[in-house]
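**Q** Below are the sequence and a predicted model; questions follow.
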Amino acid sequence: MAAVLEASDMVPTRRHQPWVRLTHWLIALAVLVLIYSGIAILMVHPRFYWGTVGNDLMQPIFEVPVGPNYHAMQWSPTTAFLGNPDGPVTADRLAEPWNGNGWARSLHFLAAWAFLLGLAVYLGLGALTGHARSALLPRPDELTTGNLRQDIKAHLRLPMPAVQPGPPYGVLQKLAYAMVAFVALPLMFLTGITMSPAITASYPVLLDVFGGGQSARTIHFFTFSFVALFLLVHLVMIVLTGPLRQLHAMTLGK
């Protein structure tokens, strides 16, 4: 998103600090790699469950229409696995599913650590320097109905009014950035590592927090969807408000 202001409302801007610019591009690159590899992983099994267990013989809570395995479940008649008709069942698979995510899982896990590095540095320095409080968290007096309505109208007006790169940000931009930086990105990382057996073997509390590996995977998907939507809106706003000026500010800080 980009700050949208009337010409009469223009105020002096502060250039992006070097650590803000560096962590911005590190996180952005890592998120793009995570989205790319994550979609490849999703295509192998586009069904989602809740709890600790999920497989093709269970009814998913929803299925995403992506990849060759969407609705591609061909099984022999099921039989009770333990003799209990209400318990787990087993069946023979009649068709081999598409599975090409070995490289994607490795790439996804590698990009996650670059993502964690950028996020940890950004949140840490943001707290130490006061950047998070002054630039990202909206003040109580900004969260008024009138102010929110005015900012929404400014963002919906085409062509966009004059813009300025960098802080101070409008209330909508603060809310969006704060939600992504302090909620969505940390949650995406935590649910992601909860799907790793090696990590949950050392930190089983993660499974308790999210209610099981399958619940973590479902939350991870919705968090990923939110971040992807934010990224799309963010890019659209950059294009509408002067992409060269915005890129110049986020690379050179001027």
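**A** Perfect, I can see it now.

**Q** ranges for the strands of the stretch 51-200 of the chain?
**A** For the stretch 51-200 of the chain, the strands defined by DSSP state E, counting those that start in this stretch occupy 62-63, 79-80, 89-90.

**Q** Go through these and name the closest to Phe189.
**A** Among these, strand 62-63 comes nearest to Phe189, with 23.1 Å by Cβ to Cβ. Yep, even glycine has a C-beta here, placed from its N, CA and C like the rest.

**Q** The closest one - what's its average pLDDT?
**A** Here strand 62-63 scores 95 as its mean pLDDT.

**Q** so where's the protein uncertain?
**A** Within the chain, the segments meeting pLDDT under 70 span 1-14, 94, 161-163, 254.

**Q** sorry, back to before: and among the strands of the stretch 51-200 of the chain, the most buried is which?
**A** Highest mean neighbour count among the strands of the stretch 51-200 of the chain (mean count of other Cβ atoms under 10 Å): strand 89-90, with a mean of 14.

**Q** That one packs against which elements?
**A** If contacts are counted by 3 or more Cβ pairs under 8 Å, 6 or more residues apart in numbering; DSSP states H and E, strand 89-90 sits against strand 79-80.

**Q** next one: phi and psi at Gly54?
**A** Main-chain dihedrals, Gly54, degrees, to the nearest 10: phi -160, psi 130.

**Q** Can you report how many residues neighbour it?
**A** Residues near Gly54, counting by other Cβ atoms under 10 Å, number 21.

**Q** Check Leu148 too.
**A** What Leu148 shows, counting by other Cβ under 10 Å, is a neighbour count of 16.

**Q** Next up, the contacts around the spatially closest residue to it that is not a sequence neighbour.
**A** Closest residue to Leu148 apart from its sequence neighbours, by Cβ to Cβ, 6 or more residues apart in numbering: Val171 at 6.1 Å. Going by Cβ atoms under 8 Å, 6 or more residues apart in numbering, Val171 touches Pro138, Glu142, Leu143, Asn147, Leu148, Asp151.
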